[in-house]
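Colleague: quick one, what's the 3D model for this:
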Amino acid sequence: MMSSRPLRIVVVGGGPVAARLVQELQPALQAGAARVTVLGEEPIPAYQRIRLGDVASGRVDGSALAMFDPAQVDAAQGDSAQVDPAHAGRAGVEIRSGAGVVALDRDRQTVTLAEGSGPATEIGYDRLVLATGASAVIPDFPVSGTVGRGISVAATAGSRPEGVIALRQMHEARRLHEAVRAHEPVVVLGGGVLGVEAALALAEVGAEVSLLHRGPVPLGRQLDVDSGRLLHRQLVDAGVQVRPDCGIQELVVAARAEDRATDRDGVPHLIGIRTTQGRRIPASLLVACTGIRPRDELAAAAGLDTLPRGGIVVDRHGRCPEDPAVFAIGDCAASLGARPSGLIGPGWDQARAVAAVLCGEAPDSVELDAAGRPVPVPPPPPPGRRLDPIMVKSHSLSVACAGDPTVDPAADPWAARGPHVSTWMDPGAGQYLRIVTEGDRLLGFVAIGLPRSAAELSRHALTGTLPVADRSALLALEHAAGDRDLGPEDVLCRCSGATCGQVEDAAADCSTVDEVGRRCGAGTGCGTCRGRIEELVARPPVGSPA
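Modeller: Predicted coordinates:
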């Protein structure tokens, strides 16, 4: 295909999946066959959102999570980010932060920007990629307490008191870090993976944190009862005040001291929570990890197909069936009509699939490997077999799961057909392993306190197959030498596709995991491989004194 100008690609949304798409488009960008404009609402460019807990706990500064090369974008902290024209021309990428999009015109192939998003009110495109992500679903709770001269009324959407956040954006993580530094009490609502991670991250740095969740055990939708009980105990041991079968009855608020002094009505701020169990818990912040909803409003208004519960319907290549010029990736994309999972791994896969299509549509752009050979597009996993693993990112606990580990075993455990369950546990050591299979198919697993088994099972969950015929061999991995686990050509980071050899080469010249990530992309996704990368970074160079 010949063209007089590069393919104009506009990406609406400036999150991590959008950044991943730009990385995957590098062959077309470097060849000058395509130009990309990324429009992000947040005032800063894409960052590793999955590590906001580390920012909240103070382990890392938010600036260390940036996913774009600093030489690629001049990230202004005002209403929008201005791009150095020299960098934009070289890289073929324009990153605009603080740039909200309010409408799509598919007939004219333009997007309309919100007022104050920059000098241009419209931007034209040849291909449009929607990476609008998802928004937090925060319940509205009744509110009680004195505010100024009166008593507050029940909260409504958009008028909840100060101190209620969702921990999905950088400013929320920094506000939570302020609370940790000031030793303010924090309540986390929600026993899913995000709630467990947030509570753990805070407790690990000595913060006073309570975790409220429905059901008898945390991660109740992902774990079986026994592993859930073990996780509950480990959360308590880590310093989290866990309150199962518990919700919020109302929020307790008060006016700020300056408002009381002037007898004026100010914005109420949170001071406590009254639970459904009748207890009052002090709280300066409520972190609501109560679910997300795909942001598909722009797509729906433009006449694209969306699911009733949220999600832009796309085919296996990420393309909207109604318009071949429009794609969707990440938390907003409903691939083949399936509701978005909210996990980072599928977002990486979608970015890779869309980039393959766009590179094929851009003139004279073919992805080449280090030897100059065309790189084939990897086939998708067999339908119905893939499992998306969930890893609890924590510095003190190792928890991984996928699929449904609660499946009942076959009536006859020695039968050739039907689900089979293998379970091993050592409660004293905080270790638990449960694997559910049917034939050679992996239906689900749980691994607690067994990081190597978790990593092995997580890798094979993507194909839905067992890693080894003898399941007891997984336990031997926990004591095997790390150097024998993977060869140079084996994939170490499933999110970026970086091999063990590529990571080792990068680690030889880097002193931190984040430096390795900027070099080859490893460790910037789900976090499964960060422990192994830390080992490689800390390992002395070959030939150096021991």
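Colleague: all contacts plus neighbour counts: C-alpha atoms, from now on.
Modeller: OK.
Colleague: in this structure, which helix is the longest?
Modeller: Scanning the chain for the longest helix, with DSSP state H as the assignment, gives helix 344-361.
Colleague: mean confidence score for it?
Modeller: Average pLDDT, helix 344-361: 91.
Colleague: what pairs with the helix or strand following that helix, and is each one parallel or antiparallel?
Modeller: Going down the chain from helix 344-361, the next helix or strand is strand 390-392, by DSSP states H and E. Sheet pairing of strand 390-392 (DSSP bridges) gives strand 399-403 (antiparallel).
Colleague: contact partners of the helix or strand following the strand it pairs with?
Modeller: Sequence-wise, the next helix or strand downstream of strand 399-403 (DSSP H and E) is strand 420-426. Applying CA atoms under 8 Å, 6 or more residues apart in numbering, the external contacts of strand 420-426 come out as 408-410, 413, 431-438, 471.
Colleague: separate out the buried members of these.
Modeller: The neighbour-count test (16 or more other CA atoms under 10 Å) applied to these identifies 431, 432, 433, 434, 435, 436, 437, 438 as buried.
Colleague: list the buried residues in the longest helix of the chain.
Modeller: 344-356, 358-359, 361.
Colleague: show me which of those is closest to residue 319.
Modeller: Comparing the buried residues of helix 344-361 against residue 319 with CA to CA places residue 354 closest, at 7.6 Å.
Colleague: do I have it right that that closest one meets residue 317?
Modeller: Yes - Residue 354 is within contact range of residue 317, at 5.8 Å (criterion: CA atoms under 8 Å).
Colleague: tell me what the longest helix of the chain is packed against?
Modeller: Here helix 344-361 touches helix 16-24, going by 3 or more CA pairs under 8 Å, 6 or more residues apart in numbering; DSSP states H and E.
Colleague: just checking, next helix/strand downstream of the helix it packs on?
Modeller: According to DSSP H and E, the helix or strand after helix 16-24 is helix 26-30.
Colleague: report the rounded mean pLDDT for that next one.
Modeller: Mean per-residue pLDDT for helix 26-30: 90.
Colleague: tell me the helix or strand right after that helix.
Modeller: Heading C-terminal from helix 26-30 (DSSP H and E), you reach strand 34-39.
Colleague: for that following strand, what is the distance to the chain centroid?
Modeller: Distance, stretch centre to chain centre, for strand 34-39: 22 Å (CA atoms, centre = their mean, to the nearest Å).
Colleague: okay, that strand in CSV with CA atoms only?
Modeller: Extracted in CSV, the C-alpha atoms of strand 34-39 (Å, rounded to 0.1, in the frame of the first residue of the first chain):
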residue,chain,number,x,y,z
ALA,A,34,2.7,6.2,11.0
ARG,A,35,2.3,9.0,13.5
VAL,A,36,0.6,8.7,16.8
THR,A,37,-1.2,11.3,18.9
VAL,A,38,-2.1,10.1,22.5
LEU,A,39,-4.7,12.1,24.3
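Colleague: relative to it, what are the paired strands and their orientations?
Modeller: Each strand paired with strand 34-39, and its direction, by DSSP bridges: strand 7-12 (parallel), strand 93-96 (parallel).
Colleague: quick one: residues in contact with the helix or strand following that strand.
Modeller: As assigned by DSSP H and E, the chain's next helix or strand after strand 34-39 is helix 52-57. Defining contact as CA under 8 Å, 6+ apart, one finds that helix 52-57 is touched by 60-62, 167-170, 173-177, 180, 197-198, 201-202, 205.
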